[in-house]
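**Student:** Compute the structure for the input listed below.
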Amino acid sequence: MPRATKSMMVLTLVMLVVITGYTVALGSSGWLWFGWVVLGLTAIGTAAVSRST
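**Tutor:** This is a model prediction of the structure:
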């Protein structure tokens, strides 16, 4: 896996932890979860493309 793809996956996981902590401390925010889902789908797409090449 290319370095950029690994970095994106790590960023996605870190953001999941941050958003979960924010939700526990301050309450849920739909926009944060929507943003995380978009980031996650982008990371999965990037990983899929990098594996096929």
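
**Student:** For residue 36, give its distance to residue 24.
**Tutor:** Using CB to CB, to the nearest Å, we find residue 36 at a distance of 15 Å from residue 24. All C-beta atoms are positioned from the backbone trio N, CA, C, and that covers glycine.

**Student:** Looking at those two now, which is surrounded by more residues?
**Tutor:** Neighbour count, other CB atoms under 10 Å: between residue 36 and residue 24, residue 36 has more, with 16 against 9.

**Student:** neighbours around residue 39, how many?
**Tutor:** 16.

**Student:** nearest spatial neighbour of residue 8, skipping sequence neighbours?
**Tutor:** Leaving aside its chain neighbours, residue 8 sits nearest to residue 43 (4.7 Å; criterion: CB to CB, 6 or more residues apart in numbering).

**Student:** May I ask which helix or strand encompasses that neighbour?
**Tutor:** Residue 43 is part of helix 30-52 when elements are defined by DSSP states H and E.
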